[in-house]
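Novice: just coords:
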């Protein structure tokens, strides 16, 4: 029987730092074992053709709402605008971000170029250029998960130092997650952007200008606020905490290593494109969002003993009520430990098996 994460608050630790380990994360090994035990899961691999149609619907509907808001911005009551943003714009902008996530794995179309085009296209209602930057950094999160200076999903040390164990600062940090996440390439000393990211920025700013010019600057507020909540204090954004923050200690594999990735199994997956199936996603990142539940169904013995979440409210409640939890509640490893782990894992592979991480 699967074990739900037992969430509880504890006393604060004396040192503010990540949870250091010296081994490779569990996903490459579990991928190898799943394919060996259930070769039929390879049939799940491949792009999902329906994702591009979903992208068109999201862009058309959301831009239509954005135009309406822009034209009537001065007469829409603040409370009505908030409700519209929070319950309509935010879920739709979050869905746009999830399509971008699929594009970063080349799961929305057959070619890299097509995925880039879809990503830039679906980025439009979000108001903030992010598709190409995410598509550059996110695959590294899979291959170098938890590696300091490489995995930009890890908070930076300034984030840890500023937030610490303070509950108010943690709430502010969480609500402003869009900004901290977006600035991590600077915080970890990475290259700011490449030519595709530059094009994404110019194109998105052009879209923003046209929308504001045609329908009013209220458009920009609607788009930006929808994205702001999608990455912060909204049920759709809970997975940013759910995925890799250690809210409860558990083991991830037969070696007894600490569990680094957590899935969410609940009704919200219908609205967040199954991103809750996060262990499944990291194990076989070439399986698109529509087939992740089937992966768990085909290989239940690999997921039944892992801890998981079933309540979005519990994730928020425990993360913010526990003084022992914060941006530091993540597993990390040095680059040297990562390289050694990859070397040891490659040595264990049988002939003909791929050593590709994540």
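Specialist: Nice, I can see it. Everything numeric in this text was worked out from a predicted model, so none of it was measured.
Novice: how about the nearest residue to residue 153, chain neighbours excluded?
Specialist: Once flanking residues are discounted, residue 153 sits nearest to residue 141: 4.5 Å by CB to CB, 6 or more residues apart in numbering. Yep, even glycine has a C-beta here, placed from its N, CA and C like the rest.
Novice: got a list of what that neighbour touches?
Specialist: 151, 152, 153 (CB atoms under 8 Å, 6 or more residues apart in numbering).
Novice: can you pull the pLDDT of the first one?
Specialist: At residue 151 the predicted local confidence, pLDDT, stands at 94.
Novice: what's the burial count for it?
Specialist: 24 (other CB atoms under 10 Å).
Novice: wait, what's in contact with it?
Specialist: 140, 141, 144, 145.
Novice: ok, now with 10 Å
Specialist: Contacts for residue 151 (CB atoms under 10 Å, 6 or more residues apart in numbering) come out as 25, 137-138, 140-145, 184, 188, 244, 330, 332-333, 338.
Novice: hmm, back to that, what helix or strand is the residue nearest to residue 153 located in?
Specialist: For residue 141, the host element (DSSP states H and E) is helix 131-143.
Novice: tell me which element residue 25 falls in.
Specialist: Going by DSSP H and E, residue 25 is not in any helix or strand.
Novice: in space, what's closest to it - neighbours in sequence excluded?
Specialist: residue 145 is the one closest to residue 25 (CB to CB, 6+ apart), at 4.7 Å.
Novice: in three-state terms, label the one you found for me.
Specialist: coil (DSSP: H, G, I helix; E, B strand; the rest coil).
Novice: tell me where this protein has strands.
Specialist: In the chain, strands defined by DSSP state E lie at 3-4, 19-20, 263-264, 307-309, 331-332, listed in chain order.
Novice: state the mean pLDDT of the first one.
Specialist: Along strand 3-4, the predicted confidence averages to a pLDDT of 50.
Novice: ok, now the second one?
Specialist: pLDDT averaged over strand 19-20 equals 94, rounded to a whole number.
Novice: quick one: strands adjacent to that strand?
Specialist: Strand pairing for strand 19-20, determined by DSSP bridges: strand 331-332 (parallel).
Novice: just the buried ones from the contacts of residue 151?
Specialist: Neighbour counting with 16 or more other CB atoms under 10 Å marks 25, 137-138, 140-145, 184, 188, 244, 330, 332-333, 338 as buried within the contacts of residue 151.
Novice: so residue 114 makes contact with residue 107?
Specialist: No - the criterion here is CB atoms under 10 Å, and residue 114 misses it with residue 107 at 11.1 Å.
Novice: can you pull the residues that touch both of those two?
Specialist: Contacts common to residue 114 and residue 107, judged by CB under 10 Å, 6+ apart, are residue 47.
Novice: out of those two, which sits in the busier spot?
Specialist: residue 107 (22 against 15).
Novice: mind checking how far that one is from residue 113?
Specialist: Separation of residue 107 from residue 113 (CB to CB, to the nearest Å) stands at 14 Å.
Novice: have a look at the buried ones among the contacts of residue 151 and tell me the least confident one.
Specialist: residue 188 (59).
Novice: just want the most central residue of this structure.
Specialist: residue 240 (5.6 Å; CA atoms, centre = their mean).
Novice: can you check the pLDDT for the closest residue to it other than its chain neighbours?
Specialist: Distances taken as CB to CB, 6+ apart place residue 177 nearest to residue 240, at 6.1 Å, with adjacent residues excluded. Residue 177 carries a pLDDT score of 93 in this model.
Novice: for residue 193, same thing?
Specialist: For residue 193, the predicted pLDDT is 76.
Novice: how many neighbouring residues does it have?
Specialist: Residue 193: 16 neighbours (other CB under 10 Å).
Novice: cool, and residue 256?
Specialist: 7.
Novice: do you know how far it is from residue 305?
Specialist: From residue 256 to residue 305 the distance is 12 Å (CB to CB).
Novice: also residue 71?
Specialist: In terms of CB to CB, residue 71 sits 54 Å off from residue 305.
Novice: do the same with residue 313
Specialist: 25 Å.
Novice: which of the two has more neighbours?
Specialist: Comparing residue 313 with residue 305 by other CB under 10 Å, the one with more neighbours is residue 305, at 15 against 9.
Novice: ramachandran coordinates for that one?
Specialist: The phi/psi pair for residue 305 (degrees, to the nearest 10) reads phi -100, psi 0.
Novice: now the helices for the stretch 151-300 of the chain?
Specialist: 157-163, 167-175, 177-182, 184-187, 195-215, 218-230, 239-242, 278-283, 292-298 (DSSP state H, counting those that start in this stretch).
Novice: let's have the ones you listed in CSV, adding distance to residue 19.
Specialist: Output for the helices of the stretch 151-300 of the chain, formatted as CSV (distance: least, CB to CB, whole Å):
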stretch, distance to residue 19
helix 157-163, 12
helix 167-175, 17
helix 177-182, 19
helix 184-187, 19
helix 195-215, 31
helix 218-230, 28
helix 239-242, 15
helix 278-283, 18
helix 292-298, 26
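Novice: which of those helices has the lowest average pLDDT?
Specialist: helix 184-187 has the lowest average pLDDT among the helices of the stretch 151-300 of the chain, namely a mean of 69.
Novice: re the thing from before, any idea how far the helix holding residue 141 is from the chain center?
Specialist: Taking CA atoms, centre = their mean, to the nearest Å, one finds the center of helix 131-143 at 10 Å from the center of the full chain.
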